[in-house]
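> pasting a predicted model and its sequence here:
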Amino acid sequence: MAKKYVAAIDQGTTSTRFIIFDRRGQIICSNQQEHQQIYPQPGWVEHNPEEIWQRTQSVIKNALEIGNIDPKDIAALGIANQRETAIVWNKNTGKPYGNAIVWQDTRTHKICEKLAEFEGKDRFQKRCGLPLATYFSGPKIKWMLDNISGLREAADRGDAIFGNVDTFLIWHLTGGAHITDVTNASRTMLMDLQTLDWDAETLEIMAIPRQMLPEIRPSSQVFGTAKGLLAGVPIAAALGDQQAALVGQTCFSPGEAKNTYGTGCFMLLNTGEAIVPSKNGLLTTVAYKMGESPAVYALEGSIAIAGALVQWLRDNLGIINTSAEVETLANTVEDSGGVYVVPAFSGLYAPYWKDSARGVIAGLTRYATKAHIARAVLEATAWQTREVLDAMNQDSAVQLLSLKVDGGMVGNHTLMQFQSDVLGVPVVRPVVAETTALGAAYAAGLAVGFWSQLAELRDNWAVDFTWEPKMPIALREQKYRFWKKAVSRTFDWEE
């Protein structure tokens, strides 16, 4: 009997969800649970890997019960995951050697500085497409090997193994397969974009034993079979969450782009089979590799803090009680009253890559209220996106005509309208906003023949809402100049 569904695990920075989709890409059922954010020191961000695995099992169990779904009706499982978050665990016991070091963590600042003494921060960029920054997994692995007692010896013995979150979940789901996909491997700084294999010279420079690293596979391919709650279901895809969203938005042609508004904010532009080096502070990354087809690449603009700034307003300052209240409060004023919030909490990512930057609130006067700050918080995400889009236009020589958007913040009309205003292009939200999970499901379904070609997936995509730009160009550019001025105030705060 034909299988009815495809499932996806979407393991994100703040929560894990399990979603089951039908052939039309519609959600049948889902469940989501948050996990703890651990901040042991300023600039350090950690997760408990065992808690992530427990949450993953819990959301799978709950969703199956909510939808009354028999795992035998699921054709395949795909995984989308927070990228660059590094975990090292014992391959015999499954016990982690410590907490996961999250992508936002800045503790590897000195390691990156030391590595950059020779040839600068673009030392490895030709090979891996990435600048030397605390964001990526490679320096995190080096930090663990240098700082966790007994870990280097365990790695040399072959007992300690590394993975981003995709690898950790695949290992647990299959009972021991040590695998990653090209998109996640491309976020470590350790993979050569041309060969799609670990780069021996980089590993030697960072003193990372190759046997710690997982086998690199295509994004869409059967990696193994699940045990436990999903027993018998093929695990058939893994993609870093932003690449998964690109697939979920069906951006399969060069020049198509999407922006995901989550904890951070990530714009990806499909560049086809061409590896396009960035001269303007963007990342060159693998977009996806479907089975035996050639790899497709992308330019990416990564913004560290987007939705996390709203959480900061809620949790640290207590200005709002729920994240949704930010829009209500922001709408009690007409504009930000000249206030700008630049959330360089863990340095600045694209297009600056300044680890030593720290956040500022600029343009304060006695006129400013908490409503103006709330509005400036929303506008910060839109301005950061504008900077990334400018860099993308310069690098790709392709003028973006519209922007497909997804993620938790796209329900915020005020933000999306402002985003369209400052970009000067329409902003388009699809019917299914859970594009990250959908992309992982699509890649898994393609691997097992649930869908036969990309055109079928394009047919599933539909527009929910479009925002058109309304702000006069002169006003937009004036506000943008002030934003740039505010950003410059964050530079080199840390000595």
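Right, received. Where do you want to start?

> contacts, neighbours, all on C-alpha from now
Will do.

> just list what the longest helix anywhere in the chain packs against, helices and strands only.
Using DSSP state H to define each element, the chain has its longest helix at helix 370-396. Applying 3 or more Cα pairs under 8 Å, 6 or more residues apart in numbering; DSSP states H and E, one finds that helix 370-396 contacts strand 265-272, strand 296-303, helix 307-315, helix 325-330, strand 340-342, helix 413-423.

> let's see it at 7 Å
helix 325-330, strand 340-342, helix 413-423 (3 or more Cα pairs under 7 Å, 6 or more residues apart in numbering; DSSP states H and E).

> could I get the ones you listed as CSV with mean pLDDT and distance to Trp493?
Listed next are those as CSV, based on pLDDT from 0 to 100; distance: least, Cα to Cα, whole Å:
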stretch, mean pLDDT, distance to Trp493
helix 325-330, 94, 28
strand 340-342, 96, 13
helix 413-423, 95, 28
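
> mean neighbour count, these: which tops it?
strand 340-342 (a mean of 26; mean count of other Cα atoms under 10 Å).

> got CSV for the helices and strands packed on helix 370-396, with distance to His109 too?
Shown next, in CSV, are the helices and strands packed on helix 370-396 (distance: least, Cα to Cα, whole Å):
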stretch, distance to His109
helix 325-330, 33
strand 340-342, 20
helix 413-423, 32
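
> looking at those, which is closest to Glu113?
Shortest distance between Glu113 and these, using Cα to Cα, is found for strand 340-342: 23.7 Å.

> check which element follows that closest one along the chain.
strand 360-362 (DSSP states H and E).

> partners of that next one in the sheet?
strand 340-342 (antiparallel) (DSSP bridges).

> still on that earlier bit, of the helices and strands packed on helix 370-396, which is nearest Glu34?
helix 325-330 (19.6 Å).

> show me what that closest one is packed up against.
helix 370-396.

> the helix it packs on: which residues count as buried?
371-389, 391-392, 395-396 (16 or more other Cα atoms under 10 Å).

> next: stretch 50-70.
In stretch 50-70, counting by 16+ other Cα under 10 Å, buried: 52-53, 55-60, 62-64, 69.

> and for stretch 209-225?
So, applying 16+ other Cα under 10 Å, buried residues of stretch 209-225: 209-210, 212-225.

> next step: those restricted to strands.
Judged by DSSP state E, strands contain the following of the buried residues of stretch 209-225: 215-217, 220-225.

> identify the farthest-apart pair in those residues.
Ile216 and Thr225 (17.4 Å).

> in a helix, Ile87, correct?
No. Going by DSSP: H, G, I helix; E, B strand; the rest coil, the assignment for Ile87 is strand, not a helix.

> excluding chain neighbours, what is closest to it?
Once flanking residues are discounted, Ile87 sits nearest to Ala100: 4.7 Å by Cα to Cα, 6 or more residues apart in numbering.

> who does that neighbour bridge with?
With DSSP bridges as the rule, Ala100 is bridged to His47.

> check whether it really touches Thr85, as I assumed.
Yes. Taking contacts as Cα atoms under 7 Å, Ala100 lies within contact range of Thr85: 6.4 Å.

> quick revisit: angle of the longest helix of the chain against helix 413-423?
40 degrees (axes from the mean of the first three to the mean of the last three Cα atoms, to 10 degrees).

> which of the residues in the lowest-mean-pLDDT helix or strand in the chain are buried?
The helix or strand of the chain with the poorest confidence is helix 454-460; it has a mean of 88 (mean pLDDT, DSSP states H and E). Within helix 454-460, the residues scored as buried using 16+ other Cα under 10 Å are 457, 460.

> please consider this matter closed, and thank you.
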